[in-house]
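Visitor: here's a sequence, model it:
(one chain, ligands or ions: 1)
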Amino acid sequence: MNGAFVFLGPPASGKGTQAKLLSERLKVPHISLGDILREAVRAGTDEGNRAKSFMDAGKLVPDELTISLAKERFARSDCKNGFIVDGFPRTLKQAEAFESILGECGIELSSVIYITIPVDVAVSRLSGRRSCKKCGAVYHSEFNPPRKLDVCDRCGEKLYQRRDDTEEVIKTRFSVYEKETLPLVRRYGKSGKLKEIDGSASVDEVRNAIEAAGRGK
Ligand code: AMP
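Guide: Below is the predicted model of the structure:
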């Protein structure tokens, strides 16, 4: 494989979960811009300090910062045979930059997987979401609870709720998504590379639909 797969969709559409599954199947790295930014915030780097207030408010981090972090990550040797990216590009400017980065790396854009979900389903998913900082596992307090309350099944780390998963911030994230990211759906729709998937089904059903779309069904 020598291509890039992009996951697009509103908050809580399951794009991170599905991107991870596809990366395991295709044996290429899964790159999440949100994870890269959260790690930078935790590490207290200059980039992290700049990004923090935007992230806490549910707004987009400035393009120039996300583009430079993404570019640095795509240039690493593990990406040379392709990669799966979620959370980037998220604006038209990022999409333009992404196309030039792919050209420079000699990687083709294989597909853009666009996962849709009704807003009420997304809000209920987000407010119950609990994540593990250490291994990246994601749970839901009601639909996919860990065996022991707020403790990761995989690595035993204490789970946390993302600061941007509160009701107020969730609303902002949706409106930012509609204004900034939805135009990309039209852009990629025209290119013929967009595959639209219903994200309200179970994780396995969505995964099967993505695999079927990849086979052209
Ligand atoms: P996510 O984990 O994808 O939901 O991203 C969490 C937050 O990180 C977003 O609400 C933004 O504040 C920031 N972020 C992630 N990716 C990007 C991006 N491509 N451009 C700007 N901000 C981003």
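
Visitor: distance between the helix or strand of the chain with the lowest mean pLDDT and the chain's centre?
Guide: Least confident helix or strand, the chain: helix 119-127 with a mean of 85, by mean pLDDT, DSSP states H and E. How far helix 119-127 lies from its chain's middle: 16 Å, per C-alpha atoms, centre = their mean, to the nearest Å.

Visitor: using CSV, write down the CA coordinates of it.
Guide: Provided in CSV are the C-alpha atoms of helix 119-127 (Å, rounded to 0.1, in the frame of the first residue of the first chain):
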residue,chain,number,x,y,z
VAL,A,119,-26.3,15.2,16.6
ASP,A,120,-28.3,13.7,19.5
VAL,A,121,-26.4,10.4,19.2
ALA,A,122,-23.1,12.2,19.1
VAL,A,123,-23.9,14.3,22.2
SER,A,124,-24.9,11.2,24.2
ARG,A,125,-21.7,9.4,23.0
LEU,A,126,-19.5,12.3,24.0
SER,A,127,-20.8,13.0,27.4
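
Visitor: for it, packing partners?
Guide: helix 167-176 (3 or more C-beta pairs under 8 Å, 6 or more residues apart in numbering; DSSP states H and E). Every residue, glycine included, has its C-beta placed from N, CA and C.

Visitor: show me what the helix or strand following the helix it packs on is packed against.
Guide: Sequence order places helix 182-191 as the next helix or strand after helix 167-176, per DSSP states H and E. On a contact count with 3+ C-beta pairs under 8 Å, 6+ apart, helix 182-191 meets strand 3-8, helix 92-105, strand 108-116.

Visitor: list the buried residues for the second one?
Guide: Of the residues in helix 92-105, those buried by neighbour count under the rule 16 or more other C-beta atoms under 10 Å are Q94, A95, A97, F98, I101, C105.

Visitor: residues in this protein within reach of the ligand, list them.
Guide: 11, 33-34, 37, 54-55, 58-61, 66, 87-88, 90, 94, 164, 173 (C-beta under 6 Å from any ligand atom).

Visitor: mind doing that once more with 5 Å?
Guide: The chain comes close to the ligand at residues L33, G34, L37, M55, L60, V61, T66, G87, F88, R90, as judged by C-beta under 5 Å from any ligand atom.

Visitor: what lies in contact with the helix or strand harbouring the third one?
Guide: Using DSSP H and E, the secondary-structure element containing L37 is helix 33-43. With contact meaning C-beta atoms under 8 Å, 6 or more residues apart in numbering, helix 33-43 is reached by 16, 47-49, 51-52, 55, 61, 66, 69-70, 73, 85-88, 90, 133, 136.

Visitor: mind listing which of those residues are in helices?
Guide: G16, E47, G48, N49, A51, K52, M55, T66, L69, A70, R73 (DSSP state H).
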